[in-house]
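Asks: need a 3D model of the following:
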Amino acid sequence: MKGIIFTEFLDIVESAFGMEVCQQMLDEAFDEGSYTAVGSYDHKDLVKLIITLSKITSVPAEDLQEVYGKAVFTRLLESLPIPVDGQTSTFTFIKKVEEHIHIEVKKLYPDATPPRFEFISETESQMVMDYRSARCMSHVCLGLIKGCAEHFNQTIEVEMEPIVNDQSHVRFNILLAA
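Replies: Just a heads-up that it's a prediction; the model follows:
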């Protein structure tokens, strides 16, 4: 997993919970917190940080992942390897992530393993897509989808249905509010 995910997570934790809680999380997770945006790290380290933060704050880990995904959307948008000019909607952008951005990320970072989106159906007001990732971080994806809609000033409703128990395969049903 690319280091920008870790550096942004630590920034968000510090902003939301304070430096003391961020340091406590690192200490209790036995993590030095030495991440660089361009480095590559084991996703299990991020999962461990999220679980530790959940224990410290009593906020469910799934909720923390979702809040993180939503908060990090704009920061990731700014770091994209290709311009996103002309993107005007949540659905258009989500499709661009799979069709272009993930491909460009793999070109820049051959060892990267971004999640896959499989588009099942789409109308003007509904998109059904499957998320597949060995990292099982579908709640981060949910937050990213919500952050994307917020960025494009769209109101959405999202249903998330795990296809497999470990959530490495999840179906999202996204509805644009009228």
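
Asks: for the chain, longest helix please?
Replies: In the chain, assigned by DSSP state H, the helix with the most residues is helix 61-78.

Asks: any idea of the mean pLDDT in that helix?
Replies: The average pLDDT for helix 61-78 rounds to 88.

Asks: would you point out the helix or strand in this protein whose mean pLDDT is lowest?
Replies: The weakest-scoring helix or strand in the chain, judged by mean pLDDT, DSSP states H and E, is helix 102-108 (a mean of 67).

Asks: helix or strand right after that helix?
Replies: Once helix 102-108 ends, the next helix or strand along the chain (criterion: DSSP states H and E) is strand 116-122.

Asks: please name every helix or strand in contact with that following strand.
Replies: Strand 116-122 makes packing contacts with helix 90-96, strand 126-132 when contacts are defined by 3 or more CB pairs under 8 Å, 6 or more residues apart in numbering; DSSP states H and E. Heads up, the C-betas are built off the backbone N, CA and C, glycines and all.

Asks: residues contacting that strand, please?
Replies: Identification of contacts with strand 116-122 by CB atoms under 8 Å, 6 or more residues apart in numbering yields 91, 94-95, 97-98, 102, 127-133, 171.

Asks: brilliant, that's me finished.
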